[in-house]
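**Q** Build the 3D model from these lines:
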Amino acid sequence: MSVVLREHHDGVALITINRPQARNAINAEAALALAGIVAEVERDASVQVAILTGAGDKAFCAGADLKELASGSAPGGRSTSEGGFAGFVHAPREKLWIAAVNGAAVAGGFELVLACDFAIASVNAVFALPEVKRGLAATAGGVWRLPRSIPRGAALEMIATGESIDASEALRLGLVNRVMAPEHLIPEAMRIAALVAANAPLALRASLALARRAFDLKDAVLRAEADAAGRRVMASADAREGPRAFAEHRPPRWTGA
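**A** Numbers count the residues shown, from 1 in each chain. Now for the predicted structure:
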């Protein structure tokens, strides 16, 4: 059985880390599989948005497979050269990625969540960066993405103590967008993803590219890049199709060009 599953639903890819017996921890096989699927999703013009989740109801992902590491495997075996940990946290992506957190998201598993564009969670979800408890550091994105995602003091407390927070606290801090009953988690993620997939692909990618860099660039640079992106979008066939479809009271037929 594949350690990472991919399903396709009308412009939405549902990606599932499929190692529930190991709390969906990332081993070398899973890292290579996820890296390959990320590349496939990014190349697939029929996919506009991806959902990342874990199999079962106990864990989204428990981070690196420490049993594999303890067995003497190479320390970097759960990473890839381009994607970093799990072949995902540093992988170049243009599509929107949503984390659907169905249980524990700890250590590298939490870093997978932070690498997604946003997250929704089950009421059973918990989040933690416990690396300091094990003599390690959350350097696969956790120590800099968490302070960008929640208030600085709350982030530093989580990083320094290694303690966890539950789904309700994650919602209060803005770490997740909404909290659902377990049985409604994937349907809700699919509902949101379908709204995204219905939009114009070129405009969506251009908007995401700028929004993701909002913390990194000064306003003047962002404005210049936004102006350039706006010209590309306005020159596209999709920019003509959108108003035409609205005027004709019909769904738009996007070409992505």
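
**Q** Quick check: end-to-end length of stretch 140-159?
**A** Terminal residues of stretch 140-159 are spaced 13 Å apart (C-alpha to C-alpha, to the nearest Å).

**Q** Residue 85 and residue 252, how far apart?
**A** Using C-beta to C-beta, to the nearest Å, residue 85 is found at 38 Å from residue 252. Just so you know, the C-beta spots here come from the backbone N, C-alpha and C atoms, and that holds for glycine as well.

**Q** Please say which of the two ends up with more neighbours.
**A** Per other C-beta atoms under 10 Å, whichever of residue 85 and residue 252 has more neighbours is residue 85, with 27 against 16.

**Q** who touches the closest residue to the more buried one other than its chain neighbours in this structure?
**A** Leaving aside its chain neighbours, residue 85 sits nearest to residue 140 (3.8 Å; criterion: C-beta to C-beta, 6 or more residues apart in numbering). Neighbour list for residue 140: 79, 84, 85, 89, 90, 108, 111 [criterion: C-beta atoms under 8 Å, 6 or more residues apart in numbering].

**Q** cool, residue 176 as well?
**A** Residue 176 neighbours (C-beta under 8 Å, 6+ apart): 101, 118, 119, 120, 121, 125, 167, 170.

**Q** Pick the one among those closest to residue 45.
**A** For these, the residue nearest residue 45 by C-beta to C-beta is residue 118; the value is 23.1 Å.

**Q** Helix, strand, or coil at the residue nearest to the closest one when sequence neighbours are not counted?
**A** Once flanking residues are discounted, residue 118 sits nearest to residue 177: 5.4 Å by C-beta to C-beta, 6+ apart. Here residue 177 is coil, with the state taken from DSSP: H, G, I helix; E, B strand; the rest coil.

**Q** right, and residue 177 touches residue 119 too?
**A** Yes - the pair residue 177 and residue 119 passes the contact test of C-beta atoms under 8 Å, sitting 6.7 Å apart.

**Q** hmm, back to that, the contacts of residue 176 in strands, which ones?
**A** 101, 118, 119, 120, 121 (DSSP state E).
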